[in-house]
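**Student:** with the input below, show me the fold.
(one chain, ligands or ions: 2)
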Amino acid sequence: MKVVPKKGIMEEYGIAGTDQRADRERKYEISRKLGLSPSAIQSVTSFFEKGIQPERKCSGLPCYLGGSSRDTASSLSGDSCPGYCDHAPVVQRGNVFYSTKGGVEQEIEEGLADYVLEKRQSIDAYMAAGGYSNLQIEIHDLRGVIERSHLKGMGGAGFPVSLKWDSFRKSGSERGMLLVNAHEGEPGTFKDRRLLELFPHSVLDGALLAAASNGIRKVIIGIRSDYDNARMSMSMALREFYEEFGVKSREKLPDTIEIMLVPGPYVTGEETALMEAIEGNRGEPRLRPPFPTETGLYNLPTLVHNAETLVAISEIANGGSFRKSYCLTGDVKKPGVYRLPMGIRAGELIRNYGGTDPSSLKAFMPGGLSGGILPISMLDTPLDYDQVRKTGAGLGTGAVIAISGERCMVDTVAAVAEFFRRESCGKCFPCRYGTFELSDLLQRLKNGQVKAGDMDRGKMIAQVMMDGSICALGQAAGKVFLDSVSRFSDEFSQHLGKKCNAGTCGFGGH
Ligand SMILES: Cc1cc2nc3c(=O)[nH]c(=O)nc-3n(C[C@H](O)[C@H](O)[C@H](O)COP(=O)(O)O)c2cc1C
Ligand code: SF4
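**Tutor:** Ligands and ions are numbered 1, 2, ... in the order given. Below is the predicted model of the structure:
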């Protein structure tokens, strides 16, 4: 099949290129047209220039574990996650994705528009399975049903959905809007892309139910701008829905449902950063309070839900229970997205779905890079928000990353720290400074250039990051460091003595 690479995202937005003088001229022209100062234009464009690149080699943890740093065949440098973590390591050129597993470059079929068109859920199949049925009847107390289901938001924070609705209603929800967060960008998390591409009617149904239950008249679906196939599938779903229901259920539908492509790096997925980006500002998190349910997008009360949370809402409304998409990557034989009842044990997921003996592992991340790293003695932990929280870690997005017994933990934690360093937006000092310091410290530890006193300083910095960062990115970067140093203290001590049992660090040897 012939795939025509598309223009890069920066070209599409007309804000960057290789010719710096032409870029500058274009920015001056935009500033004149909009009546804004050139520095205001520069402030915004410099943020998005750092964002999603059209050509990239992913350096997120699943790709790192898959050997991306050893891939010297590709001239591309390390960059953000394109969302095909089960094919790690991944490179992207235009809108074509390749797995470079074992040093052999192979096109990822799932990344093709034709694949999505063939596999996506049709409206007929969705309705035959009971989908959209609750839009035809009055929604009696969906809030109560949601509360009894114990549904928590699946975008990372795990906040109870019914409580968020209460807070939104208190702020005068009829003035407000629903913002669907589909800006997925954390390495190891690729569930939302799958849901938007293959189950778009479930996402839309959930959004319409949440809107109808809370009297919302405006819905914005904010999709990460390089998720081309997700945007295509969601747009088709919207058109199919209007063809089927447009007239019959109009009074129950919001006045507008808009799909918006939002560029920007990982941090733009943070709900207030997403609002900033949509409003045309740098996609950086806001200080809270006020919370989005009080003052959100365009200063209006805003209910923000992750795309998967909306799928769960549609499942609860149409069938009574919901499932969770666990993204399993890292050192497992069968990585993938597994949609299962909430609460499967980590070991069971790795053995029964990942096809891997959990005893071959040393550690696992229960909730992506932000959720922390646990030793395998905790593999019995049920993967739900409350149970994982009891271990001191977090379920986050439900991205489980397995780490083999042969790995060096310092090397693994250093790769995570480097991710946080690269993705820090720099708005607040603890994170801006701390992510650089911790990444540098761990790189030096790998090279045998760290003294015990440096580790104490690192711990102090990490604590300040947890206490003083504006958003969960900086807080998580500090927490992952502190937790890893205490949980895997033997390995950190070993490195202080210039030894690495895995033999992967600068001084090598056993
Ligand atoms: C750095 C960072 C990135 C985030 N990225 C996403 C994202 O891509 N998608 C998402 O839904 N939530 C993301 N979140 C969480 C959102 O801020 C917010 O909690 C979520 O969208 C709320 O929806 P929920 O209650 O349905 O989970 C991110 C948070 C942080 C701190
Ligand atoms: S914690 Fe980091 S990512 Fe979040 S606002 Fe501060 S600098 Fe930006």
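**Student:** let's verify the closest residue in space to residue 342 that isn't next to it in sequence: helix, strand, or coil?
**Tutor:** What sits nearest to residue 342 in space, not counting adjacent residues and going by CB to CB, 6 or more residues apart in numbering, is residue 324, at 4.6 Å. Using the backbone N, CA and C atoms, a C-beta is placed for each residue, glycine as well. Here residue 324 is recorded as strand under DSSP: H, G, I helix; E, B strand; the rest coil.
**Student:** outline the domain layout of the protein.
**Tutor:** 9-107, 114-319, 324-404, 409-496 (automatic domain parsing).
**Student:** rank these by pLDDT, which is bottom?
**Tutor:** Per-stretch mean pLDDT for the domains of the chain is lowest at domain 9-107 (a mean of 79).
**Student:** and it with ligand 1, contact?
**Tutor:** No - on the criterion CB under 6 Å from any ligand atom, domain 9-107 is out of touch with ligand 1, staying 10.2 Å away.
**Student:** centre of the chain to that domain, how far?
**Tutor:** 17 Å (CA atoms, centre = their mean, to the nearest Å).
**Student:** quick thing: my sequence starts at 34, can you match it?
**Tutor:** Shifting the count to begin at 34 puts that one at domain 42-140.
**Student:** that one and ligand 2, any residue contact?
**Tutor:** No - using CB under 6 Å from any ligand atom, domain 42-140 never reaches ligand 2; the gap is at least 10.9 Å.
**Student:** nearest residue to residue 182 in space, please, no chain neighbours.
**Tutor:** Per CB to CB, 6+ apart, closest to residue 182 is residue 349, 5.0 Å.
**Student:** C-alpha coordinates for the helix or strand where the one you found lies, CSV please?
**Tutor:** Taking DSSP states H and E as the definition, one finds residue 349 inside helix 340-352. Taking Å, rounded to 0.1, in the frame of the first residue of the first chain, the C-alpha atoms of helix 340-352 are listed here in CSV:
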residue,chain,number,x,y,z
ALA,A,340,-11.4,9.8,26.8
GLU,A,341,-11.3,6.4,28.6
THR,A,342,-13.3,7.7,31.5
LEU,A,343,-16.1,8.6,29.0
VAL,A,344,-16.0,5.0,27.5
ALA,A,345,-16.4,3.7,31.1
ILE,A,346,-19.4,6.1,31.6
SER,A,347,-21.0,4.7,28.4
GLU,A,348,-20.4,1.1,29.6
ILE,A,349,-21.9,1.8,33.0
ALA,A,350,-25.0,3.6,31.5
ASN,A,351,-25.6,0.9,28.9
GLY,A,352,-24.5,-2.3,30.8
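**Student:** please identify the buried residues of that helix?
**Tutor:** Across helix 340-352, burial judged by 16 or more other CB atoms under 10 Å covers 340-351.
**Student:** and ligand 1, is it touching that?
**Tutor:** Yes - Helix 340-352 lies within reach of ligand 1 by CB under 6 Å from any ligand atom, at residue 342.
**Student:** for that helix, packing partners?
**Tutor:** The contact analysis (3 or more CB pairs under 8 Å, 6 or more residues apart in numbering; DSSP states H and E) places helix 340-352 against helix 175-182, strand 210-215, helix 224-231, helix 233-246, strand 356-363.
**Student:** figure out how far it is from the centre of its chain.
**Tutor:** 19 Å.
**Student:** would you mind giving the helices and strands packed on helix 340-352 as CSV with distance to ligand 2 and mean neighbour count added?
**Tutor:** Output for these, formatted as CSV (distance: least, CB to the nearest ligand atom, whole Å; neighbours: other CB atoms under 10 Å):
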stretch, distance to ligand 2, mean neighbour count
helix 175-182, 29, 17
strand 210-215, 16, 26
helix 224-231, 20, 25
helix 233-246, 27, 25
strand 356-363, 22, 24
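**Student:** nearest to ligand 1, out of those?
**Tutor:** strand 210-215 (3.4 Å; CB to the nearest ligand atom).
**Student:** quick one, that closest one and helix 224-231 angle?
**Tutor:** Computed by axes from the mean of the first three to the mean of the last three CA atoms, to 10 degrees, the angle separating strand 210-215 from helix 224-231 equals 100 degrees.
**Student:** what lies in contact with the helix holding residue 349?
**Tutor:** 162-164, 166-167, 172, 175, 178-179, 182, 184, 186-188, 194, 213-215, 217, 224-225, 228-229, 232, 235-236, 238-240, 242-243, 338, 354-358 (CB atoms under 8 Å, 6 or more residues apart in numbering).
**Student:** and if you look at stretch 377-392?
**Tutor:** Counting contacts by CB under 8 Å, 6+ apart, the residues touching stretch 377-392 from outside are 359, 361, 364-369, 371, 373, 394, 397, 399, 407, 409, 411-416, 433, 435.
**Student:** first to last residue in it, what's the distance?
**Tutor:** 17 Å (CA to CA, to the nearest Å).
**Student:** and this protein, which of its residues are near ligand 2?
**Tutor:** So far as CB under 6 Å from any ligand atom goes, the chain lies against ligand 2 at 300, 317-318, 457-461, 464-465, 502-504, 506-507.
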